[in-house]
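# Give me the fold of what follows.
(2 chains)
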Amino acid sequence: MPEHSNTGAPVLSKSVPDFSNWSCPLPLVGYPTIVMGHGGGGKLGNELVEHLFLPAFRNPALENLGDAAVLELTGGRIAMSTDSFVVQPLFFPGGSIGELAVNGTVNDLAVSGAVPRFLSASFILEEGFPLAQLAAIVEAMARAATTAGVQIVTGDTKVVERGHGDGCYINTAGIGVLREGIQVGPHRAQPCDVVLVSGTIGDHGMAIMSVREGLEFESQIRSDCAALNGMIADVLDAVGMAVHAMRDPTRGGLASTLNEIAQSSGVGIAIDEASLPVRVEVQSACELLGLDPVYVANEGKAVFFVAPEAADSVLKVLRAHPLGRDAARIGQVTAEHKRMLVARTAMGANRVIPTQIGEQLPRIC
Amino acid sequence: MKYLTEFRNGEIAQRMAREIHSAATRPWKIMEVCGGQTHSIIRNGIDQMLPAGIEMIHGPGCPVCVTPLELIDKALAIAAQPGVIFCSFGDMLRVPGTEGDLFQVKGAGGDVRVVYSPLDAVELAVKNPDRQVVFFGVGFETTAPANAMSVHLAKRRGLENFSLLVSHVLVPPAIEAILQSPGNQVQGFLLAGHVCSVMGYWEYPPLAERYSIPLVVTGFEPLDLLDGIRRAVIQLEAGRHEVENAYSRVVTYEGNRAAQKLLAEVFEVTDRAWRGICVIPKSGWRLSEAYREFDAEERFHITGIHTQESALCRAGDVLRGAIKPAECAAFGNECTLRHPLGATMVSSEGACAAYYNYGRFLSAEELASAGSGLTGAAHA
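Model (predicted):
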């Protein structure tokens, strides 16, 4: 048994926290790190819920602490999505696993044409994981949920023995209500559709790579991690049915997303390489490592396939939104070279951009 | 950003391409030696800017692809040993050996790490005195100085837990092997700029003389490549065969003397197998007698691993431009992207891989219109 005593723990207020001044409500019972008991369903686990998760995520559906959250939803069609987050490092320039876990699922719902409403959050924690780090992650999730306008209504915590996890894994699932009359999907891109991207590509992947393995660049590259539902709502409000397909190009980057849509829709996609928005520091880091920014991950960008007559309006709406300031028109859908992505290079030639077999690796030569 | 855009100017590129068009009166076959140049040609679509008769043949200068199967098998055997930290450049991890690749060894519990410099591996050895740290030292003359420096430092610091698994290959013997091969079609070479930044180009005039062939030291940016091609075409049209330097902002005739001195101390010339091609005499480096104690093959007693290259693979013929990928009986059968036999299928830019990747999906017209990845493959 641990030497620490329960009796010295401060009694924490259960009033609704003010996030602007919110700080870690720990220590709970004097443990600075996660112990097996935090996942055991006993007192330690309850304290984690009472003192950490509930104050951070508080909402009526969560407060009941039942086996399931009971939710009221009006409207016809519901979208549901789930994603697991296993990123290393857990904290990186521009965000943490906490923001990723909320925004990732919010974005998957939003690009499906849904208004994201409720999320679940499940934590798999490794024995010995510092509670202060968990608190920072939970705080980041709470902030991200507030920003995105979603509620975290149910959750779970498990603890695995030291060496059996990587500190903290998070799974989130989410549901949202489909907007009336919206018909978007990766199979709906049509020849002549214009392809737009909401901002610079490759920021997240290079931010992660720059802190992994101690790579440091002169100027810090920050992750673009953000919830896109607000920006997407603006676009759909403006042009509605003119949007045929949307995707957030995460793992595998822009190239993988465009290839997927080309294949799902049975169309060709032609992009103009010179029009791709790429930050100079991201481009430089990619050059140094022999990587191509079109394959590098994003966590706060969306690609839109829209009817040609609506393209200018969408671009205007995107650029008016803080997350879409660098939005650009990058290409169009064609009936030629079906199921393939072809880029017009700065030299005026064409090249095929294939889907990568695995993850992109730094090149020797 | 300096040098990020200056040598990628589309307008200047078009102008240089027009110069090549007006200079070329006959068909010529030119080989770019280095994998980095192949990458840039495909990436930018340089081959599409050339006159129909100017054919770029992709050379054997990709260190990842030409590393022999036997050495990959040795790497797998060492990396799987308990207590070993096996360090490698990233793109070696998925190169398949006889059974699996380094990713699979990692998945099975091996400590395989991607590093960006062999000197990082030396630091790992300092920090982990109870572990054996091995660096997978592959590549041409370009990567050799850093590898040489790693063992040089290890020796000076008396590190007993660092070693190098070496498979260095050399450009001049490979060029000579191509020129001597029966049915060779290559009429001019773009020499590998970064190899020459280390070695200079004093090794090449005898080759130009002996085989009456123009050799142009060439860089990697679109304008560098177009300049290299332009100079090679002008020489060919004029019947000249000289060594020219089209990469003078980086390369000098003598090269990096300090690096060459270190290389001569640490390495000695040896015969080397090139994956899917053949053993080329005196085409590689191994650790010299003075540094043999840092040879991972000796330290881990794996000198007994001998792997035969596939008898089916005709990568050598593809590289020489003698056959097209689909004319090889193994293409798409025994040899695929997931189970490549030879160098040209291992590399994503290899002629066989490009052909396999895109050729399966397309009609003839789409193949013609789809772009550089395809025309590159069709050439080789």
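# which residues of the stretch 151-300 of chain A fall in strands?
A:151-160, A:168-178, A:194-197, A:243-247, A:268-272 (DSSP state E, counting those that start in this stretch).
# will you turn those into a markdown table that also has distance to chain B, mean pLDDT and mean neighbour count?
In short, each C-beta sits where N, CA and C put it, glycine included. Below are the strands of the stretch 151-300 of chain A laid out as a markdown table (distance: least, C-beta to the nearest C-beta, whole Å; pLDDT from 0 to 100; neighbours: other C-beta atoms under 10 Å in any protein chain shown):
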| stretch | distance to chain B | mean pLDDT | mean neighbour count |
| --- | --- | --- | --- |
| strand A:151-160 | 18 | 96 | 20 |
| strand A:168-178 | 18 | 97 | 22 |
| strand A:194-197 | 17 | 98 | 24 |
| strand A:243-247 | 21 | 97 | 25 |
| strand A:268-272 | 9 | 96 | 21 |
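# Can you lay out those as TSV showing distance to B:Glu6?
Converted to TSV, these look like this (distance: least, C-beta to C-beta, whole Å):
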stretch	distance to B:Glu6
strand A:151-160	50
strand A:168-178	45
strand A:194-197	26
strand A:243-247	34
strand A:268-272	21
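# Using CSV, write out every CA atom in the helix or strand containing B:Ala125.
Using DSSP states H and E, B:Ala125 sits within helix B:118-127. Provided in CSV are the C-alpha atoms of helix B:118-127 (Å, rounded to 0.1, in the frame of the first residue of the first chain):
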residue,chain,number,x,y,z
PRO,B,118,25.9,8.9,-37.9
LEU,B,119,27.3,11.3,-35.3
ASP,B,120,23.9,11.1,-33.5
ALA,B,121,24.5,7.3,-33.3
VAL,B,122,28.0,8.0,-31.7
GLU,B,123,26.2,10.1,-29.1
LEU,B,124,23.8,7.3,-28.4
ALA,B,125,26.7,5.0,-27.8
VAL,B,126,28.2,7.5,-25.3
LYS,B,127,24.9,7.7,-23.4
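# Around the residue of the stretch 201-350 of chain A found nearest chain B, count how many other residues there are.
Per C-beta to the nearest C-beta, A:Ala349 is where the stretch 201-350 of chain A lies closest to chain B, at 2.3 Å. For A:Ala349, the neighbour count with other C-beta atoms under 10 Å in any protein chain shown is 26.
# what does the one 5 residues further on give?
Each residue near A:Pro354 was counted by other C-beta under 10 Å, and the total is 17.
# And for B:Arg240?
Count around B:Arg240 with other C-beta under 10 Å applied: 12.
# how close does it get to chain A?
Going from B:Arg240 to chain A by C-beta to the nearest C-beta, to the nearest Å gives 28 Å.
# and that residue, what does it touch?
B:Arg240 sits next to B:Pro214 when contact means C-beta atoms under 8 Å, 6 or more residues apart in numbering or on different chains.
# mind checking the backbone torsions on it?
phi -90, psi 160 (degrees, to the nearest 10).
# thinking again about what came up before, mean confidence (pLDDT) on the helix holding B:Ala125, please.
For helix B:118-127, the mean pLDDT works out to 96.
# can you point me to the longest strand in the chain?
In the absence of a named chain, this looks at chain A. If you go by DSSP state E, chain A has its longest strand at strand A:114-126.
# actually it's chain B I care about, not the one you picked
Longest strand in chain B, counting by DSSP E: strand B:278-287.
# So which other helices or strands are in contact with it?
strand B:162-169, helix B:171-180, strand B:267-274 (3 or more C-beta pairs under 8 Å, 6 or more residues apart in numbering or on different chains; DSSP states H and E).
# Quick check: buried residues in that strand?
Across strand B:278-287, burial judged by 16 or more other C-beta atoms under 10 Å in any protein chain shown covers B:Ile280, B:Ser283, B:Gly284, B:Trp285, B:Arg286, B:Leu287.
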